[in-house]
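Student: structure, please.
(one chain, ligands or ions: 2)
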Amino acid sequence: MLLDTIVAQATAPGFGAIALVRLTGSAARGIAAELTGDAGITTGAWAERAGHLRTLRRPGSGEVLDQALVTVYRAPASYTGEDMVEISTHGGHSIPGNVVAACIALGARLARPGEFTERAYLNGKLDLTQAEAVADLVAARSEKGRTVALHQLERGLGARVAALREDVVGLAALLVQHIDFPEEDDAPTPLGDIAERAAGVARDMGVILATAPSGELLREGAVTVLAGRPNSGKSSLFNALVGQERAIVTDVAGTTRDAIEAVVEVDGFPFRLVDTAGLRGDADTVERLGIEVARRYLAGADVVLHCREAGRAAGKREEEFLASLGSPVIAVRTKWDLAGPGEAPCDGEVVVSVESGEGLAELRSMLRGLVFQGIVENRDEVPVVTNRRQAGLLRVARAEVEAFAEALSAEIPPEVASAHLKSAESALEEILGAIAPDDVLDRVFRDFCIGK
Ligand SMILES: Nc1nc2c(ncn2[C@@H]2O[C@H](COP(=O)(O)OP(=O)(O)OP(=O)(O)O)[C@@H](O)[C@H]2O)c(=O)[nH]1
Ligand SMILES: [Mg+2]
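Tutor: Ligands and ions are numbered 1, 2, ... in the order given. Model prediction:
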């Protein structure tokens, strides 16, 4: 596949010792030869995959841009599968920008986000699940999230989906035998057996699908909403869990008005912590808006930390509110350093004090246990389905294989039933990206960084 030549700075913009500018495409080596004034890059005189220190010059004026380390990769042995050049320049704002501009002046085009990885996919270097893993790896918010993304980059999901596709193709082959040679002596596999095998394949799909919820949580972080009456210590607890003073804390009820989010890692697992406005009926307009926001977050929460300060009994409305929540709730008794002598926590309540630090470790371990218990127990079973695209298509494939098994059992003609297998196969191929409509590709690569 011949595509135009693209360029981008792969390292984050800003101050740093080194910046990496990447070029890929058929003109990559020619552009690098002009930048360095060294024709050896195009003739093949250069050792590939080795750094060469060269002076880069602006095309036309010959003004020196930088001294840089230039590495050449020849197609197909490169990340994208095309001719590629990586230029390590000095860091900072202007040098890498000038080098990118010089490449553009020499005929390259600025890359779109994810375009390098998209080319790797288009050239068969990665399947689509691996391309997704590249984005996940860069964006991973926790140690465990990184593990999952790495597993997927090693084709953790891709290999299993490819095996399932083989299973489906195998079922179709058995069926064809049956359709073509129903009367043969060494008889084809009976339809009942084929149906049973199909049910087994659908079950295998179910096992992988069952990892989808935790895969998604590990990627996105579990949405953890702090809720409770005004002044119950939500923002203080939020700050304690985040480890810095992010939310404003005062002794005035109604301090927090908008939702504040922070991603925190708890024992290697990712949580998206949300501090919200306290819930009460007699709020002013701005606070009421904040309460509305809080309710929206509560509706989408994976877990709620309900805060009630020491010395205050739970109101009836508060209990009704808790009962109305769809998500699991951890009851937190805050400001425990202020608890009266006879005061005791209720059943299942965890007591904390941000003053003394008491109870924070216990709260963290409760949080991790509640949301990620399944993963903690199955240490070896890495979740393989990590996003909605994969889960949706796998669900389609499973439904089709199940429908196929049922059709055979209902004595629907095999020729007709086989249509379900075709659909299952297509869905599995779409997971791998063997067939992928443009809008699917756009969605996958849209969230990448430029230069990746
Ligand atoms: N002694 C003590 N005071 C605390 C503790 N946690 C919070 N406070 C105090 O309680 C008051 C309210 O705390 P916030 O964290 O602002 O409470 P909030 O629930 O966010 O309040 P709103 O945003 O108004 O809904 C502040 O004066 C805090 O300093 C604690 O563990 N011990
Ligand atoms: Mg607050």
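
Student: tell me if the helix or strand of the chain at the bottom of the mean pLDDT ranking is near ligand 1.
Tutor: One helix or strand of the chain scores below all others by mean pLDDT, DSSP states H and E: helix 285-299, with a mean of 78. No - against ligand 1, helix 285-299 shows no contacts by CB under 6 Å from any ligand atom, the least distance being 8.7 Å. The C-beta positions use only the backbone N, C-alpha and C, and glycine is treated the same way.

Student: same question for stretch 310-329.
Tutor: No - figure legend: stretch 310-329 not in contact with ligand 1 (CB under 6 Å from any ligand atom); closest approach 8.2 Å.

Student: next structured bit after the least confident helix or strand of the chain?
Tutor: Next helix or strand after helix 285-299 toward the C-terminus (DSSP states H and E): strand 303-309.

Student: angle of that following strand against helix 285-299?
Tutor: Angle of strand 303-309 versus helix 285-299, following axes from the mean of the first three to the mean of the last three CA atoms, to 10 degrees, is 130 degrees.

Student: pull out the buried positions in strand 303-309.
Tutor: 303-309 (16 or more other CB atoms under 10 Å).

Student: do stretch 383-395 as well
Tutor: Quick answer for stretch 383-395 (16+ other CB under 10 Å): 383-387, 389-391, 393-395.

Student: lowest-confidence one in those residues?
Tutor: The pLDDT minimum for the buried residues of stretch 383-395 sits at Pro383, where the score is 72.

Student: picking up where we left off before, need the buried residues of stretch 383-395 in TSV (columns: secondary structure and distance to ligand 1).
Tutor: Below are those laid out as TSV (DSSP: H, G, I helix; E, B strand; the rest coil; distance: CB to the nearest ligand atom, whole Å):
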residue	secondary structure	distance to ligand 1
Pro383	coil	34
Val384	coil	39
Val385	coil	37
Thr386	coil	34
Asn387	coil	34
Arg389	helix	38
Gln390	helix	38
Ala391	helix	36
Leu393	helix	43
Leu394	helix	42
Arg395	helix	41
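
Student: closest to Ser423 among the residues you listed?
Tutor: Checking the buried residues of stretch 383-395 against Ser423 by CB to CB gives Leu393 as the nearest, at 10.9 Å.

Student: now do the contacts for Val72.
Tutor: Residues near Val72 by CB atoms under 8 Å, 6 or more residues apart in numbering: 29, 32, 41, 46, 48-49, 52, 83-85.

Student: for it, which three-state class applies?
Tutor: Classification of Val72 by DSSP: H, G, I helix; E, B strand; the rest coil places it in strand.

Student: for Thr224, see how far away it is.
Tutor: The gap separating Val72 from Thr224 is 48 Å, by CB to CB, to the nearest Å.

Student: which one of the buried residues of stretch 383-395 sits closest to Val293?
Tutor: Taking CB to CB as the measure, Val293 sits nearest to Asn387 out of these, at 26.4 Å.

Student: from Thr211, how far out is the closest one?
Tutor: Asn387 sits 12 Å away from Thr211, going by CB to CB.

Student: give me the beta-bridge partners of the closest residue to Glu115 other than its chain neighbours?
Tutor: Leaving aside its chain neighbours, Glu115 sits nearest to Ile6 (5.8 Å; criterion: CB to CB, 6 or more residues apart in numbering). Under the criterion DSSP bridges, Ile6 forms beta bridges with Thr24, Arg109.

Student: what residues are up against Ile6?
Tutor: Neighbouring residues of Ile6 by CB under 8 Å, 6+ apart: 23-25, 108-112, 115-116.

Student: looking at the residues you listed, spot the one nearest ligand 2.
Tutor: Arg112 (40.9 Å; CB to the ion).

Student: any regions of the chain where pLDDT drops low?
Tutor: Applying pLDDT under 70 to the chain flags residues 1-2, 182-187, 281-283, 376-381.

Student: quick one: name the residues of it near ligand 1.
Tutor: Counting by CB under 6 Å from any ligand atom, the chain sits next to ligand 1 at 230-236, 249-251, 253-256, 277-278, 334-335, 337-338, 353-355.

Student: ok, and what's touching stretch 307-324?
Tutor: Contacts of stretch 307-324 (CB under 8 Å, 6+ apart): 226-229, 231-234, 237, 279, 281, 306, 329, 331-340, 343, 351.

Student: please check those residues and keep the buried ones.
Tutor: So, by 16+ other CB under 10 Å, the buried ones in the contacts of stretch 307-324 are 226-229, 231-234, 237, 279, 306, 329, 331-336, 339, 351.

Student: one step back: C-alpha coordinates for the least confident helix or strand of the chain, PDB please?
Tutor: The C-alpha trace of helix 285-299 is given here as PDB (Å, rounded to 0.1, in the frame of the first residue of the first chain):
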ATOM      1  CA  THR A 285     -29.400  28.400  42.900                       C
ATOM      2  CA  VAL A 286     -25.600  27.800  42.300                       C
ATOM      3  CA  GLU A 287     -25.500  25.100  45.000                       C
ATOM      4  CA  ARG A 288     -28.700  23.500  43.500                       C
ATOM      5  CA  LEU A 289     -27.000  23.300  40.200                       C
ATOM      6  CA  GLY A 290     -24.100  21.600  41.900                       C
ATOM      7  CA  ILE A 291     -26.500  19.100  43.500                       C
ATOM      8  CA  GLU A 292     -27.900  18.300  40.100                       C
ATOM      9  CA  VAL A 293     -24.400  17.600  38.900                       C
ATOM     10  CA  ALA A 294     -23.800  15.400  41.900                       C
ATOM     11  CA  ARG A 295     -27.000  13.400  41.100                       C
ATOM     12  CA  ARG A 296     -25.800  12.800  37.600                       C
ATOM     13  CA  TYR A 297     -22.500  11.500  38.800                       C
ATOM     14  CA  LEU A 298     -24.200   9.300  41.300                       C
ATOM     15  CA  ALA A 299     -26.300   7.700  38.600                       C
END
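
Student: what residues of that helix count as buried?
Tutor: 287, 290-291, 293-294, 297-298.

Student: same for that helix, what does it pack against?
Tutor: strand 222-228 (3 or more CB pairs under 8 Å, 6 or more residues apart in numbering; DSSP states H and E).

Student: next structured bit after the strand it packs on?
Tutor: Heading C-terminal from strand 222-228 (DSSP H and E), you reach helix 234-242.

Student: that following helix near ligand 2 at all?
Tutor: Yes - legend: contact between helix 234-242 and ligand 2 by CB under 5 Å from the ion is shown at 234-235.

Student: run the chain-centre distance for that helix.
Tutor: Put simply, helix 234-242 sits 26 Å off its chain's centre (CA atoms, centre = their mean, to the nearest Å).
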